[in-house]
Every structure is written in structure tokens, then in C-alpha cells.
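1. What follows is a predicted structure for the sequence shown.
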Amino acid sequence: MANPYSGWPSHGFQQHPSHHQFPPSTGRPRSFSYPPPLAPPPPPPPQLPTAPPYYQTFSGPPFAQRRRHTISDAWPPPDALWSAPMPGRPTMDYRRLFTPPQLPSPEIHTLFNGNSYFQFLDLDLSAPTLVTRRRLNATQTVPLTASDLAEPVAIPVIPSLRIVCNAVPQWPLDLRFVHGVLNPPRADRAAIPYVTVGDVLHALHAHLQRDVTREEWAQLSLQQETEVSRAYTRRHKSFASDLRLQPQGDGVKRVDYLLRSYCFKGLVFISPENGVVRMKLIIGPP
């Protein structure tokens, strides 16, 4: 092959040893070799299935077994921190901030107030007919009006009432409404759903004007028979003219058991019984 470049020797190119190689090589030319490439890392071993982490459950309350504090035993246990109030934090009873309203105490009608010094009602329970009069003073009286009789016997109004008397405890008087009708019934009564002054006066008078049965008379002692007989005689003489006009017999009546205390002196509240309002009849001599 001809040398394309003039001026260059025609012999071929020969590699001379490097001037920086020490000591100079005496054998065949040095060949450069590189280490083989590193093998890839082996794959990680397959993970075996594992169970979820286990958490211990407590069957009893927490802090059942407390560790002893190494710092001090003065620090209260956890239970005491929750149960005891925080120090320096006042507690307040909120129930004291609200006072429930007190219900008004019932008041008896002025005509029936047994605690009053002056008796406004003039009523003789031994009279064969009911005569009701209001006292204006010690010597003057006026008849009760229809408006007076329609007023409630007490405020607040009461739908039922029991009247008892210490002289005749075996004969209590009950006034109550049955299916909207007052019992005992009263003629010409307005449809008022509570006990009125007129209801008490008419029922009380009729209740004491009933005849005494043989069984009731037999329960009296000999002394009681004598006292009741005297009361009967006195009543019979006082109202002889009126008794002759009565269609029923003029035998012994319940009012005779009151002896000389046959005048109405008022009513007073006593403790209720089975949810029924009760009043006590106060009687006395004329």
C-alpha cells in the first residue's frame, strides 16, 4: 500500500514503549484487563404470612395492678385523679339555683272557715228544713243568695270531698262526681264540675237528718242511749209544728247523736286519705 502522506517513512507504524513506563517492559506488550461486572444482588427471600400484632385485653378495670412509683408515693393513683375533684376548683350544687314554685295552699270559703274567730254562717243542723243565713253582726242575719251557694267550697276548686265529724265518726259524708253527676244528687243544681257551698250545705243537712237504724241504735251503751234520747226529746219539742208536717216518721236521727252541739261552727282541712281531700266538721252549742 502506498503511503498517502509524503515525508513519512514507508515502513509501517510501530508502537514504541511508553516513556513513562518504569521499568520498561521487556516482553510482549502489556494488555489491560478489567474485572468482570458485579453480579446483581440476589432477590430477597419471600416473606411468610404473619399474624396480626397481639394486644393484651383487660377483663378487669385498668390499673388493676399498679407499679410502685420510684419517685414518690404521694402522687395519687390514676383512679383517684378521675374520682376526686381537682384541687382549687370549687364545686357548685346547681339544684340550689332553681327553687320549684310552691303550690298555693287551699283555702276554705269564708262561710266555712272553722279557724275564723267570727262565724259568718248561721246554720242549725237539727232543724227539719235547711235554712242558711249569713251573719252581718251579732244580731243581724241575711239569707244566702244563689250566687253564694254556687261559689266553690275551697280554692283551688276540688272535685271530691269527704267530711268527717268527731262526734259521729261512723258516718262520714262523701261528695264526688260520678260520670259528671254529683253524688249525692242535688235538685236544680247547675252543671259545675266542682263542689260548691250549696253542695256541702244540702248534703250535710240531709246526711244528719237520716233515721238511725236498729243495728246502729243497738251499738250504743246505756248511758249513750239516755243522752241521745234526751237530745231527741229536746229537738222534737223545738220543732214540733214542723215535724208534724214531715211525711217521714219523727224517730231518732243522726243529728240527735250530736247532743247539744248541733250548730254548725265551720270546716277545717285535715290530712287527705287515698288522694281524697278531707275536712272535719266543727260543731258546737247555739
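-> Yes, it's here.
2. Can you name the next helix or strand after the helix or strand bottoming out on mean pLDDT in the chain?
-> When the helices and strands of the chain are scored by mean pLDDT, DSSP states H and E, helix 78-83 comes last with a mean of 54. Scanning forward in sequence from helix 78-83 by DSSP states H and E, the next helix or strand is strand 107-108.
3. For the stretch 101-250 of the chain, which segments count as helices?
-> 146-149, 197-208, 214-218, 222-238, 240-244 (DSSP state H, counting those that start in this stretch).
4. what mean pLDDT does the last one have?
-> Put plainly, it is helix 240-244. The average pLDDT for helix 240-244 rounds to 65.
5. quick one: A203 from A146, how far?
-> 17 Å (C-beta to C-beta, to the nearest Å). (Glycine included, C-beta is placed from N, CA and C.)
6. Which residue of the two possesses the greater neighbour count?
-> Taking neighbours as other C-beta atoms under 10 Å, A203 and A146 compare with A203 leading, 21 against 9.
7. so the more buried one sits right up against P184, yeah?
-> Yes: counting by C-beta atoms under 8 Å, A203 sits close enough to P184 to count as a contact (5.5 Å).
8. Are there residues contacting both of the two? Which ones?
-> Shared contacts of A203 and P184, defined by C-beta atoms under 8 Å, 6 or more residues apart in numbering, comprise L175.
9. Can you name the residues that contact L149?
-> 132, 196-198, 201.
10. can you pull the contacts of R230?
-> The contact partners of R230, by C-beta under 8 Å, 6+ apart, come to L259.
11. Same question for A190.
-> A150.
12. ok, it to L201 distance?
-> To L201, A190 is 15 Å away according to C-beta to C-beta.
13. likewise Y257?
-> 20 Å.
14. Check D211 too.
-> D211 sits 21 Å away from L201, going by C-beta to C-beta.
15. Neighbour count: these two, which is higher?
-> Regarding D211 and L201, a neighbour count based on other C-beta under 10 Å identifies L201 as having more, with 23 against 13.
16. my guess is that one contacts R133, does it?
-> No: under the criterion of C-beta under 8 Å, L201 is not in contact with R133, lying 11.1 Å apart.
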